[in-house]
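Student: what's the 3D shape of this:
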Amino acid sequence: MKLIRWGAADQEKTGVIINDIWYDTSAFGEDYNEQFFQNNGLERLSAFVKENETELPVVPADTRLGSPVARPSKIVCIGLNYADHAKETNAPLPPEPVIFMKSTTALTGPFDDIIIPKNSVKTDWEVELAVVIGKKASYVEEADALDYVAGYVLHNDVSEREFQIERNGTWDKGKGCDTFAPLGPFMATADELADVNNLRLWLTVNGQKMQDGNTSNFIFNVPFVVAYVSQFMTLLPGDVISTGTPAGVGLGFKPPIYLKEGDVVELGIDGLGTSRQQVKNYVKN
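Tutor: Residues are numbered from 1 along each chain as shown. Got it, this is the predicted structure:
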């Protein structure tokens, strides 16, 4: 299945995509949140859709999409998980995965604007494959890790490099700003992807190709990452793990290139669709 959430921000309803048509599943009565995944929601939703497929209302294609999963308990990110990205940022290859957190308030829809934070001069892009956890995971073995995955989703790990690197603290400072986690357009259940460790992912800025990589170049693949993270924290249903970005981020250019108002970022992953964000400056409400 392909899950979507649609409608005005913070008022999203649920839906599914069938044969490229968006259908409203709000009559199912549950959001795509921790309780949904925890209580066998995917299987129950699948049965609901099959029973009601001819009666599901169609969602107009120009409707806003929100994040395909409701705000999770946490967004965990893996840094430097592609050798070419580590090289371009002059970082050594990590002997173990680098873990940082992204604020859940950064979560936004796949076609919502990216807002350059107040006082930012180094806002950057990162196309990433994100994993959605399907059941509570703690001290998971790598061989069992994929049993804990509900699905996968496209993620732009928007980053402010000065905040991240130059402001005397953890990476989180440059990762959790509002609008810095566009997720979607949909979450594909795990059965939708034949090989999650062999997916092309790409990103353009104003039509210029910046990133063009493949998850086959992971330093640490998806089962390893899920198992590894679960050694340090309990992963709850609906939690998101973003698995890192390939080369081509703005920081890696000489001189570096950063986002500015009016820029348009487009990105995609095989089997997970595409997203598009326009960049705007912060304006005080």
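
Student: Give me the helices and strands touching the lowest-mean-pLDDT helix or strand in the chain, please.
Tutor: Here the helix or strand of the chain ranked lowest by mean pLDDT, DSSP states H and E is helix 83-88, holding a mean of 84. Contacts defined by 3 or more CB pairs under 8 Å, 6 or more residues apart in numbering; DSSP states H and E place helix 83-88 against no helix or strand at all. For glycine as for every other residue, the C-beta is placed from the backbone atoms N, C-alpha and C.

Student: That one: what's the following helix or strand?
Tutor: The C-terminal neighbour of helix 83-88 among helices and strands, as given by DSSP states H and E, is strand 98-102.

Student: Report the rounded mean pLDDT for that following strand.
Tutor: Averaging pLDDT along strand 98-102 yields 96.

Student: strand partners of whichever helix or strand comes after that strand, parallel vs antiparallel please.
Tutor: As assigned by DSSP H and E, the chain's next helix or strand after strand 98-102 is strand 107-108. Using DSSP bridges, the strands paired with strand 107-108 are strand 181-182 (parallel).

Student: Could you pull up the mean pLDDT of the partner strand?
Tutor: 98.

Student: Check stretch 268-276 too.
Tutor: The model assigns stretch 268-276 a mean pLDDT of 98.

Student: contacting residues around it?
Tutor: 110-111, 127, 129, 152-154, 156, 182, 184-186, 188, 192-193, 199-203, 264-267 (CB atoms under 8 Å, 6 or more residues apart in numbering).

Student: Between the two ends of that stretch, what distance do you get?
Tutor: Taking CA to CA, to the nearest Å, stretch 268-276 runs 9 Å from one end to the other.

Student: again, but for stretch 29-49
Tutor: End to end - CA to CA - stretch 29-49 spans 12 Å.

Student: Could you list the buried residues of that stretch?
Tutor: Across stretch 29-49, burial judged by 16 or more other CB atoms under 10 Å covers 30-34, 36-37, 41-42, 45, 48-49.

Student: do the same with stretch 259-277
Tutor: Buried residues in stretch 259-277 (16+ other CB under 10 Å): 259, 263, 265-273, 275-277.

Student: burial count for Pro185?
Tutor: 26 (other CB atoms under 10 Å).

Student: From the contacts of stretch 268-276, list just the buried residues.
Tutor: The buried subset of those - by 16+ other CB under 10 Å - is 110-111, 127, 129, 152-154, 156, 182, 184-186, 188, 193, 199, 201-203, 265-267.

Student: Correct me if wrong: Pro185 contacts Pro68.
Tutor: Yes. Assessed by CB atoms under 8 Å, Pro185 is found in contact with Pro68 at 7.1 Å.

Student: hey, what's in contact with both of the two?
Tutor: In contact with both Pro185 and Pro68: Ile4, using CB under 8 Å, 6+ apart.

Student: re earlier: so which of the buried residues of stretch 259-277 are in strands?
Tutor: 265-269, 273, 275-277 (DSSP state E).

Student: Now Thr181: closest residue in space, sequence neighbours ignored.
Tutor: For the record, residue 181 is Ala, not Thr. Ala106 (4.0 Å; CB to CB, 6 or more residues apart in numbering).

Student: Next, count neighbours for the one you found.
Tutor: Ala106: 18 neighbours (other CB under 10 Å).

Student: Now do the same contact list for it.
Tutor: Contacts of Ala106 by CB under 8 Å, 6+ apart are 75, 158, 175-181.

Student: what's the answer for Gly79, then?
Tutor: 94, 97-100, 171, 244.

Student: Also Ile75?
Tutor: Ile75 touches 101-104, 106-107, 181, 239-242, counting by CB under 8 Å, 6+ apart.

Student: and it, what pLDDT?
Tutor: So, for Ile75, pLDDT stands at 98.
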